[in-house]
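K.L.:
just coords:
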């Protein structure tokens with residue numbers, strides 16, 4: 001799959017990032033600049049993304065040795081002392097590696113999910129949800145309109161915590177009064193949408209989405225990894241559980257479901273204004289939970305699942321915030337160059353490290369993407 005990369009490539013690329021942007025001096029292996037550069041045009045040419053799976057060399061052992069040597073050199077440089085600009089690059093490299101930890105899981109899932117036998121990645125130590133788990137009724141939580149502030153302050157300035165450059169600058173937005181769903185849409189609710197002809201009703205679909213499902217109608221369109229009443233997870237195949245959040249749906253599917261429900265998707269500003277009132281909690285289902293799959297919501301008052309379980313599609317295109325300026329040099333290509341033809345997702349997933357997510361975090365993917373743990377939260381006008 002063109003968007004996925006082998007685990008070996010992720011291990012090498014994240015090491016290459018530190019070697020290229022933190023360490024000073026000649027590279028350990030000149031060929032690695034070509035093989036493990038992801039998209040930094042200013043650094044030089046690179047191996048095509050869709051052909052990364054063909055890189056049989058260097059071996060996994062060679063990549064692990066490369067990682068070890070880069071780690072040792074970075075630690076030595078830290079011990080000698082680093083300038084403020086290098087310290088910022090080291091911190092960026094650590095958060096960049098956390099992004100790839102999540103991508104490793106989703107890329108492995110896509111690889112194994114394409115196998116007809118649905119191989120098991122690992123048996124989860126987390127208890128499985130009961131097959132007939134109930135789910136609290138969806139409630140609408142009203143949010144006031146008016147001026148709101150979203151985004152992150154410039155990281156590092158005046159002790160501000162880390163944030164990616166696409167989260168800045170913090171700025172004001174005007175919101176009309178709205179309501180946000182208390183939880184994510186479940187598999188059972190999505191199955192009802194399918195049974196009601198959701199994939200056969202063109203009035204619910206954006207033109208590009210309708211064209212996409214029309215082209216694949218012979219494959220009986222449905223969320224990725226669904227097969228009749230069974231579901232593929234990193235624990236292998238198992239029966240679908242209606243109480244679990246639906247995941248692996250595209251923006252088109254999320255938008256069509258929202259229309260069918262008489263609602264809409266939230267804008268990213270609406271989502272962040274609500275999420276800023278709910279800190280990331282110890283019971284949120286993120287990668288540290290070791291479940292690697294969304295869990296049914298437990299009964300509670302207020303918002304649930306704002307952080308973890310599933311990345312939530314928003315109605316917002318991925319565009320720069322007012323006053324955004326990419327960094328100078330190759331690192332300016334980290335986020336800014338992708339601000340076109342992508343939609344914003346918020347909240348993190350069951351594969352996102354807990355200390356990596358925050359209410360201002362902006363993820364982004366093309367509208368047809370489904371291999372991430374992407375789900376649906378509804379919104380509506382007040």
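P.N.:
Great, that's in hand. No experiment lies behind these values; they were computed from the predicted model shown.

K.L.:
can we go C-alpha only for contacts and neighbour counts from here?
P.N.:
OK.

K.L.:
wait, isn't residue 102 in contact with residue 354?
P.N.:
No. Applying Cα atoms under 8 Å, one finds residue 102 not in contact with residue 354, separated by 11.2 Å.

K.L.:
Look at the two and report which has more neighbours.
P.N.:
More crowded of residue 102 and residue 354, by other Cα atoms under 10 Å: residue 354, with 22 against 19.

K.L.:
Could you check the pLDDT of that one?
P.N.:
Per-residue pLDDT puts residue 354 at 96.

K.L.:
nearest residue to it other than its sequence neighbours?
P.N.:
Of all residues not flanking residue 354 in the chain, residue 286 sits nearest, at 5.7 Å (Cα to Cα, 6 or more residues apart in numbering).

K.L.:
tell me, how many neighbours does the one you found end up with?
P.N.:
29.

K.L.:
buried stuff in the least confident helix or strand in the chain by mean pLDDT?
P.N.:
Across the helices and strands of the chain, mean pLDDT, DSSP states H and E gives its lowest value to helix 207-215, namely a mean of 92. By 16 or more other Cα atoms under 10 Å, the buried positions in helix 207-215 come out as 209-210, 213.

K.L.:
So which residues make contact with the helix or strand hosting residue 231?
P.N.:
Assigned by DSSP states H and E, residue 231 belongs to strand 230-233. Residues outside strand 230-233 that contact it (Cα atoms under 8 Å, 6 or more residues apart in numbering) are 109, 113, 118, 225-226, 237-240, 293.

K.L.:
now do 6 Å
P.N.:
Strand 230-233 is contacted from outside by 225, 237-240, using Cα atoms under 6 Å, 6 or more residues apart in numbering.

K.L.:
Going through the residues you listed, which ones are buried?
P.N.:
Neighbour counting by 16+ other Cα under 10 Å classes 225, 237, 240 among these as buried.

K.L.:
Distance from the chain centre to the helix or strand hosting residue 17, please.
P.N.:
Using DSSP H and E, the element containing residue 17 is helix 7-21. Relative to its parent chain, helix 7-21 has a centroid offset of 20 Å by Cα atoms, centre = their mean, to the nearest Å.

K.L.:
Ends of stretch 304-322, what's the gap?
P.N.:
30 Å (Cα to Cα, to the nearest Å).

K.L.:
list the buried ones in that stretch?
P.N.:
So stretch 304-322, judged by 16+ other Cα under 10 Å, has buried residues 304-321.

K.L.:
Which of these fall within strands?
P.N.:
When DSSP state E defines the strands, the subset of the buried residues of stretch 304-322 inside them is 311-317.

K.L.:
per-residue confidence for the nearest residue to residue 308 once chain neighbours are set aside?
P.N.:
Leaving aside its chain neighbours, residue 308 sits nearest to residue 349 (4.0 Å; criterion: Cα to Cα, 6+ apart). Note for residue 349: predicted pLDDT of 98.

K.L.:
tell me the SS of residue 349?
P.N.:
coil (DSSP: H, G, I helix; E, B strand; the rest coil).

K.L.:
was I right about it contacting residue 306?
P.N.:
No. Using Cα atoms under 6 Å, residue 349 is not in contact with residue 306, being 9.5 Å away.

K.L.:
in the helix or strand that the helix holding residue 17 is followed by, what counts as buried?
P.N.:
Sequence-wise, the next helix or strand downstream of helix 7-21 (DSSP H and E) is helix 32-35. Residues of helix 32-35 classed as buried under the neighbour-count rule (16+ other Cα under 10 Å) are 32-33, 35.

K.L.:
where does the stretch 1-150 of the chain have low pLDDT?
P.N.:
125-133 (pLDDT under 70).

K.L.:
For it, which segments count as strands?
P.N.:
Ranges of strands within the stretch 1-150 of the chain are 140-143, 146-150, based on DSSP state E, counting those that start in this stretch.

K.L.:
Which residue is the nearest non-sequential neighbour of residue 275?
P.N.:
According to Cα to Cα, 6+ apart, the nearest residue to residue 275 is residue 359 (5.7 Å).

K.L.:
and the one you found, what is it in contact with?
P.N.:
Residue 359 neighbours (Cα under 6 Å, 6+ apart): 272, 275-276.

K.L.:
re earlier: show me which positions of the helix holding residue 17 end up buried.
P.N.:
Those would be 7-19, 21, for helix 7-21 by 16+ other Cα under 10 Å.

K.L.:
Equivalent analysis for stretch 295-304, please.
P.N.:
295-297, 303-304.

K.L.:
Lowest pLDDT pick from those residues?
P.N.:
Minimum confidence in the buried residues of stretch 295-304 sits at residue 297, scoring 92.

K.L.:
Could you look up the SS state of that one?
P.N.:
coil.

K.L.:
could you measure the closest residue to it other than its chain neighbours against residue 264, distance?
P.N.:
Once flanking residues are discounted, residue 297 sits nearest to residue 135: 6.4 Å by Cα to Cα, 6+ apart. Distance, residue 135 to residue 264, using Cα to Cα: 21 Å.
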